[in-house]
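Asker: Give the three-dimensional model of this entry:
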Amino acid sequence: MSIVNALELSTAHLPDSDPDFGSCLVSDTRYGFIVFPIHTEYIGSLPDWIQPIIRFAFDNGCSLIHFDRDAEEDSQFKTYDW
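Answerer: Down below sits the predicted model:
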């Protein structure tokens, strides 16, 4: 058995309602997305908006990122008004 850590962020950190996640594996949820980030050596090939989020997730031992409309916004990441 293993337990994974997840970074949970508001969908306000997404640039629009159907963002480009690059080559990350993504699953839609009812109110957002779950993102399985690619390895840090490939971060530079991803869209600019998600690079700092993925770096933060990896630096903090998170193996997935959950964007949810009811989650908290984090002031260290850019927010968008769409």
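
Asker: Per-residue pLDDT of the residue sitting furthest away from the middle of the chain, please?
Answerer: Each residue of the chain has a distance to the centre, and by Cα atoms, centre = their mean the biggest one is for M1: 24.5 Å. If you check M1, the pLDDT there is 89.

Asker: So it versus E41, what's the distance?
Answerer: 29 Å (Cβ to Cβ, to the nearest Å). All C-beta atoms are positioned from the backbone trio N, CA, C, and that covers glycine.

Asker: Repeat that for A57.
Answerer: 15 Å.

Asker: Looking at those two, which one has more neighbours?
Answerer: Neighbour count, other Cβ atoms under 10 Å: between A57 and E41, A57 has more, with 21 against 7.

Asker: State the helix or strand in which that one lies.
Answerer: helix 51-59 (DSSP states H and E).

Asker: With D28 instead?
Answerer: Going by DSSP H and E, D28 is in strand 25-29.
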